[in-house]
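A.B. asks: Got a predicted model here, sequence first, then my questions.
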Amino acid sequence: MNVSTDSPPLPTPLLRTSAVRVVILFVLHILVFTASYLLAWLARFDFSVPPRYAAVMWSSLPFIVLVQLGVATVFGFFRGWWRYVGISDVLRIAAGIVVSLGVSIALWYVGAAIAFQPVVGVSRSVLLIDSMFALLAIFGARVLVRLTKDLTRADATHEARRILIVGAGDAGEALAREIQHRPQLGMKIVAFVDDHRAKWRSQIRGIEVLGPISGVGAIAEDTRADEVLLAIPSASGRRIREIIHHLSAAGLKFRTMPGLDQIASGKAQVTSLREVNVEDLLRREQVVIGDASTRDLFRGRKIIVTGAGGTIGSELAMQSLNYEPSELHLFERSEHALYNCLRRIEREAPQMLRIVHPHLVDCAQAGGLVASIRPAIVIHAAAHKHVPLGEQNPTEYVRNNCLVAHQFAEACAAAGVERFVFISTDKAINPSSAMGASKRAAEIALLDLAARTQLRVMVVRFGNVIGSSGSVVPLFLDQIAAGGPVTVTHPDVTRYFLRPSEAISLILQAVAFGQGGRIYMLDMGEPIGIAELARDLIRLSSHTPEEIPITFIGLRPGEKLNEELFTGAETVCETQHPQVMGVEVRQPDAEVVAAWYRRLETAVTLRSGNVKQLLRELIPEYDAASSESEYSAVPAAAEMIGAGATVN
């Protein structure tokens, strides 16, 4: 059966409406060109055309108008909506009129050469004047329609919400233009606010620019503004936090435009206004990683993603589908999490469900399944990640994060898997927790496996992924919604944060260009103070730090005051991307790793309780007591100030 790929036909009423509109515009342009040509003759002869020229005027009229109509058709004079006329329309109209003048003059010379009577005797100055009149008339009609529409909008927005736009750059102008063109939004822009002194007291689209941004409270009072819209999508997270502080202090409601990366990718429009969120507060230059090599690698191949029900795993599943694998196998031991992952795929990419194969399985028992699937690429995102729980359950964390990961990788090597990506954490660097140490032990075991097999193992270390399950941000928001207090471990605690999109890009890039036996990290910028992040989230929730208190509860077992990016024994290497770093680590001897691994397996199997001691033997830098001895105590005077939350 043949399937047509043509676009569906337009409804008959729509076709009829478009045809009628074109006919009306065609007739209107006939009248404009005719009137312009006759007026040109009148202007040329001071409104008294001699009889001998009058005959030439009437005989040449049809030919000149016909030329102009032909050129107008080519240049699209009968397309476009006059109410939205802009610079591009002006240039197109001007170009069409100039071309029609050139054709008319060419016709004049040809007519003179061949004695074509209808155009013989036409004054070239008349042709020039005619073009000027036609340009003014055609452009003027459009401007009149546009002006009438704008004035009508101004009347319609008389009682609309009064808006301040922070940012008088290109983004602010684009936002203002869209708001002015869409009265149904119910907004009236009363001023721009910007820190650029040269712009103060100037006007953009008839709207005054005021400043500075630090004075937005007084400006809002003077202009009687109801709401503030942030139109600075390229601003850093630090700058956004400063502006939010000024807006909150003034008690102003505010929303923001999407980031430049969302607008450029087509995921959002200029007017897709939304509440400011934590990603805005942490905003930095988007790390963009090309995906051509990833697409070439994934297309037509079998992929496995473990931990597919988690934040990272489910996003990996969605992104992997974009690269056209032949089969995508999802491994997950939580029925509910796997169900939610499938629902998301069904909602966002239903056409890809045919290649998705969900498996409710623990990776410890998945060796036979891997052998039957025989995938080319495996991304192992399954893990225990919660630091305090790991301190209470170190044996289980070591079993799942280290032993199971190693056994699973061995099964992948035996099944002929080409590439294996292991998701690690920045807590594996000089670990102070069982979770971090179990991940570091897994790194060592997997890199050892890569050295003695054909399996190409890449390790990817993350910081905190914004909004992931168990992370600090959802906890803060829940505590704020409950009226507080927000609990922060320590006034000086900091963490590195990563966008989910950046985390996924790093993983996929490691798959594509990663060298086996190497660790990769993304440049995560500057660490963020968690107490300040808590205060910002309180302000974003329309509260003040005085209304929602922050309680400092002290670092819990296994937690650090500050995370690190590298150890002194690690060497940082450049990669194909300037913001992706390769990390080379010194591996213990293979015999040492093998002997230690056998002892660890025995300890976990017997639940002997000495797994932390065994971890210290392989990882000398592992110091489980550091957080308790050095950082746990919080000065009494700092226990309750303004606001806070628990950081993992």
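C.D. replies: Structure's in. What do you need? Numbers count the residues shown, from 1 in each chain.

A.B. asks: Only the buried residues of stretch 447-458, if you could.
C.D. replies: Across stretch 447-458, burial judged by 16 or more other CB atoms under 10 Å covers L447, D448, L449, A450, T453, L455, R456, V457, M458. Every C-beta, even on glycine, is put in place using the N, C-alpha and C of the backbone.

A.B. asks: now these in TSV, with secondary structure and distance to I304?
C.D. replies: As requested, the buried residues of stretch 447-458 are exported to TSV (DSSP: H, G, I helix; E, B strand; the rest coil; distance: CB to CB, whole Å):
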residue	secondary structure	distance to I304
L447	helix	20
D448	helix	22
L449	helix	17
A450	helix	18
T453	coil	17
L455	coil	13
R456	strand	15
V457	strand	14
M458	strand	15
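
A.B. asks: which of those residues lies closest to S36?
C.D. replies: Within the buried residues of stretch 447-458, distances to S36 taken as CB to CB reach their minimum at M458, with 70.4 Å.

A.B. asks: how about the nearest residue to the closest one, chain neighbours excluded?
C.D. replies: G514 (3.7 Å; CB to CB, 6 or more residues apart in numbering).

A.B. asks: isn't that neighbour right up against L508?
C.D. replies: No. The pair G514 / L508 is not scored as a contact, 9.9 Å apart, by CB atoms under 8 Å.

A.B. asks: tell me the phi and psi of the residue nearest to M458?
C.D. replies: Dihedral pair for G514: phi -60, psi 140, per degrees, to the nearest 10.

A.B. asks: How confident is the prediction for it, by pLDDT?
C.D. replies: On the pLDDT scale, G514 is placed at 75.

A.B. asks: do the same with R44
C.D. replies: R44 is given a pLDDT of 88.

A.B. asks: what about the nearest residue to it once chain neighbours are set aside, which SS state?
C.D. replies: Spatial nearest neighbour of R44, excluding adjacent residues (CB to CB, 6+ apart): V126 at 5.1 Å. Following DSSP: H, G, I helix; E, B strand; the rest coil, V126 is assigned to helix.

A.B. asks: need the contact list for V126.
C.D. replies: For V126, the contact set (CB atoms under 8 Å, 6 or more residues apart in numbering) comprises Y37, A40, W41, R44.

A.B. asks: Kindly recompute the last result at 10 Å.
C.D. replies: If you count contacts by CB atoms under 10 Å, 6 or more residues apart in numbering, V126 has them with 37, 39-45, 49, 53, 56-57, 60, 64, 104, 108.

A.B. asks: now it: how far from L61?
C.D. replies: 11 Å (CB to CB, to the nearest Å).

A.B. asks: Identify the contacts common to those two.
C.D. replies: With CB under 10 Å, 6+ apart, V126 and L61 have common neighbours Y37, W41.

A.B. asks: all strands of the stretch 301-450 of the chain, in order?
C.D. replies: Per DSSP state E, counting those that start in this stretch, the stretch 301-450 of the chain carries strands over the ranges 302-306, 327-332, 356-360, 377-380, 419-423.

A.B. asks: Among the contacts of V126, which lie within strands?
C.D. replies: Among the contacts of V126, no residue falls in strands (DSSP state E).

A.B. asks: Next step: the residues you listed restricted to helices.
C.D. replies: Residues of the contacts of V126 located in helices (DSSP state H): 37, 39-44, 53, 56-57, 60, 64, 104, 108.

A.B. asks: Looking at those, spot the one nearest N562.
C.D. replies: Once CB to CB is applied, the member of the ones in helices among the contacts of V126 that ends up nearest N562 is S104, at 76.7 Å.

A.B. asks: Do I have it right that the closest one meets I64?
C.D. replies: Yes. S104 is within contact range of I64, at 5.8 Å (criterion: CB atoms under 10 Å).

A.B. asks: Now for these two: what residues contact both?
C.D. replies: Y37, V119, V122, V126, L127, D130.

A.B. asks: Run through the residues that contact G517.
C.D. replies: So G517 contacts 446-451, 455-459, 584-585, 587 (CB under 10 Å, 6+ apart).

A.B. asks: Mind putting the residues you listed into a markdown table with pLDDT and distance to E564?
C.D. replies: Shown next, in a markdown table, are those (pLDDT from 0 to 100; distance: CB to CB, whole Å):
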| residue | pLDDT | distance to E564 |
| --- | --- | --- |
| L446 | 94 | 21 |
| L447 | 93 | 19 |
| D448 | 92 | 23 |
| L449 | 93 | 26 |
| A450 | 91 | 24 |
| A451 | 90 | 25 |
| L455 | 93 | 28 |
| R456 | 92 | 27 |
| V457 | 93 | 23 |
| M458 | 91 | 21 |
| V459 | 92 | 16 |
| E584 | 82 | 16 |
| V585 | 82 | 14 |
| Q587 | 86 | 20 |
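
A.B. asks: Check the secondary structure at F26 for me.
C.D. replies: Applying three-state DSSP: F26 is helix.
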